[in-house]
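Chemist: whatever this is, show me its structure:
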Amino acid sequence: DGNVTSRRQETAEGTTERGGEMTSGTYETVKFTNKLATGSLKIQKLVTENGSGVSSDAAKKKLAGNYTFAEYTDKDCTKALQIDAEDVTVSLTIPEDGSSATSDEITGIPAGTYYVKETSPTTTNPSPVTNPVAVTVEAGKTGDATVIAAITNDYKHVEAAPKVNKSINVWPESVGEFKFTLSAGTNNADVETPMPDENEATVSASSPTDPAVFGSITFEKAGKYNYTIQEVVPEDDDPGTEGIQENGITYDATAYPVQIEVGTDSAGKLTTPVIHYGAALNATSLTISNTYAAEGAATFSAAKAANANLGDRTFQFELLDEDDNVIETSAAVRQGQTATFTAIPYALADAGEHTYKIREKLPDGVDAENPTKDGVTYDTHVQETTVTVANAGDGTLTVTYDGNESFSTPEFDNQYAAEGAATFSAAKAANAN
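Modeler: Alright, predicted model coming up:
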């Protein structure tokens with residue numbers, strides 16, 4: 001019936017020792033090993049865009065990448081959770097599609113409350129999770145029952161896409177598109193001007209009324225951001241004319257100012273950007289105008305058929321319009337020579353068909369019924385020609401004559417015949433006899 005004194009000690013390994021002294025003076029130690037109750041933990045990384053699902057390319061690009069986490073046993077995150085004397089850390093990768101990532105099951109964690117903290121990245125946008133997430137690991141909960149610590153990063157931003165319209169009086173067939181560039185303008189030194197992935201945009205011949213839209217620009221904070229939009233112009237093929245020309249098109253090389261203004265609402269949330277265009281930044285759209293011009297000319301001539309009998313006589317021809325109005329009278333030519341008229345110029349507005357007539361200028365009193373005067377029989381026929389003017393699309397106009405590329409010079413054939421008369425007389429000699 002001796003007295004027994006017992007003692008209990010919990011060791012770091014989770015064992016319990018129990019000993020006692022017997023009245024007989026002998027000492028006995030009995031050791032019991034009790035495994036501490038453990039559970040499992042998973043860490044899940046979620047990303048959002050302005051508080052919702054990730055949809056824009058900008059957000060997917062921004063949020064994709066590696067994130068690391070550490071687990072602690074205290075709320076102040078000063079004592080790292082260790083398993084087998086090693087700090088527990090987790091690295092997760094968010095794919096480019098913006099979907100979530102979940103770690104493998106972390107096993108062997110003693111039951112209790114722990115604190116999971118994101119340790120990288122440390123950027124300000126997407127917003128870092130600075131406060132640790134508390135999670136309770138329960139004994140025996142593993143596999144599908146594993147507790148999950150979910151940490152969400154939200155990427156806050158707004159987007160804007162500047163655009164420009166194209167205006168041209170005639171879209172020439174030789175041009176498939178007009179191209180424009182977007183450049184960063186002059187901003188405050190502390191303002192980093194965001195740019196789109198593509199700073200070029202085009203208006204194509206297949207959809208000439210659709211604007212050229214640049215890639216979306218992502219803004220992460222409020223401010224006024226300045227840009228310029230400019231047409232891509234070719235090398236000037238007509239330096240003597242004002243402006244920059246190529247193939248009949250006069251381009252606009254002006255650098256047009258654009259300002260994108262991003263504000264915040266009463267809750268501090270970024271508001272929809274407002275785009276201002278023009279030198280005064282007071283327009284809601286931008287149109288860059290070009291002009292197209294084309295030129296061409298028709299040339300006419302008339303020939304006097306060779307006839308030596310005509311001698312040094314000279315002749316003239318008349319060029320008439322379709323209403324028989326005389327456009328020009330040629331210089332005088334002799335037999336065997338050709339008279340040339342002044343070229344008739346055409347502009348783009350003259351495209352179409354035009355009728356002209358050429359005739360010999362007849363002396364007074366001469367017509368088709370009475371073609372002869374002073375021994376000369378005049379050619380009274382009228383040569384009619386249809387000229388077709390068409391836009392070649394390269395700054396020139398094609399001119400054809402009755403469907404032919406060149407004008408066929410008509411010939412006017414005059415004849416000469418001289419007339420005279422001889423008179424005779426006879427006298428009877430006087431004889432009184």
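
Chemist: please count neighbours and contacts with C-alpha atoms only from this point.
Modeler: Fine.

Chemist: so who does the residue nearest to Ile244 when sequence neighbours are not counted touch?
Modeler: Spatial nearest neighbour of Ile244, excluding adjacent residues (C-alpha to C-alpha, 6 or more residues apart in numbering): Asp236 at 5.0 Å. Contact analysis of Asp236 by C-alpha atoms under 8 Å, 6 or more residues apart in numbering lists 244-246.

Chemist: if you rank those residues by neighbours, which is first?
Modeler: Within these, most neighbours by other C-alpha atoms under 10 Å means Gln245, with 24 neighbours.

Chemist: which ones are touching that residue?
Modeler: So Gln245 contacts 234-239, 251 (C-alpha under 8 Å, 6+ apart).

Chemist: identify the bridge partners of Lys304.
Modeler: Phe412 (DSSP bridges).

Chemist: all helices of the stretch 51-200 of the chain, in order?
Modeler: Using DSSP state H, counting those that start in this stretch, the helices found in the stretch 51-200 of the chain span residues 57-63.

Chemist: hang on, the earlier thing: which helix or which strand is home to the residue nearest to Ile244?
Modeler: Using DSSP states H and E, Asp236 falls within no helix or strand.

Chemist: okay, which residue is most central for this structure?
Modeler: Ala201 (1.2 Å; C-alpha atoms, centre = their mean).

Chemist: centre of the chain to the strand or helix carrying that one, how far?
Modeler: Taking DSSP H and E as the definition, Ala201 sits inside strand 200-204. Distance of strand 200-204 from the chain centroid (C-alpha atoms, centre = their mean, to the nearest Å) equals 3 Å.

Chemist: list the helices and strands the next helix or strand after that strand packs on?
Modeler: The helix or strand immediately downstream of strand 200-204 is strand 212-213, counting by DSSP H and E. Contacts defined by 3 or more C-alpha pairs under 8 Å, 6 or more residues apart in numbering; DSSP states H and E place strand 212-213 against strand 163-168, strand 200-204.

Chemist: list the contacts of the very next helix or strand once past strand 212-213.
Modeler: Next along the chain after strand 212-213, taking DSSP H and E as the criterion, comes strand 217-219. Strand 217-219 is touched from outside by 58, 157-161, 194-196, 262, with contacts defined as C-alpha under 8 Å, 6+ apart.

Chemist: buried residues in stretch 80-97?
Modeler: By 16 or more other C-alpha atoms under 10 Å, the buried positions in stretch 80-97 come out as 80-81, 88-94.

Chemist: and the residues you listed as a markdown table, adding distance to Ser100?
Modeler: Below are the buried residues of stretch 80-97 laid out as a markdown table (distance: C-alpha to C-alpha, whole Å):
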| residue | distance to Ser100 |
| --- | --- |
| Ala80 | 25 |
| Leu81 | 24 |
| Val88 | 21 |
| Thr89 | 18 |
| Val90 | 15 |
| Ser91 | 13 |
| Leu92 | 9 |
| Thr93 | 9 |
| Ile94 | 6 |
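
Chemist: okay, now the unreliable bits of the stretch 101-250 of the chain?
Modeler: Scanning the stretch 101-250 of the chain for pLDDT under 70 picks out 128, 188-189.

Chemist: all strands of it, in order?
Modeler: Applying DSSP state E, counting those that start in this stretch to the stretch 101-250 of the chain gives strands spanning 101-102, 106-110, 112-120, 133-137, 147-155, 158-160, 163-168, 177-184, 200-204, 212-213, 217-219, 223-231, 244-246, 249-251.

Chemist: for the fourth one, packing partners?
Modeler: Spelled out, that is strand 133-137. Going by 3+ C-alpha pairs under 8 Å, 6+ apart, strand 133-137 lies up against strand 38-49, strand 112-120, strand 147-155.

Chemist: can you rerun that using 10 Å?
Modeler: strand 38-49, strand 65-72, strand 112-120, strand 147-155 (3 or more C-alpha pairs under 10 Å, 6 or more residues apart in numbering; DSSP states H and E).

Chemist: equivalent analysis for the fifth one, please.
Modeler: Other elements packing on strand 147-155 under the criterion 3+ C-alpha pairs under 10 Å, 6+ apart are strand 38-49, helix 57-63, strand 101-102, strand 112-120, strand 133-137.

Chemist: for Asp321, list the residues it contacts.
Modeler: Applying C-alpha atoms under 10 Å, 6 or more residues apart in numbering, we find Asp321 in contact with 327-328, 354-358, 384-385.

Chemist: partners of it in the sheet?
Modeler: With DSSP bridges as the criterion, Asp321 is bridged to Tyr356.
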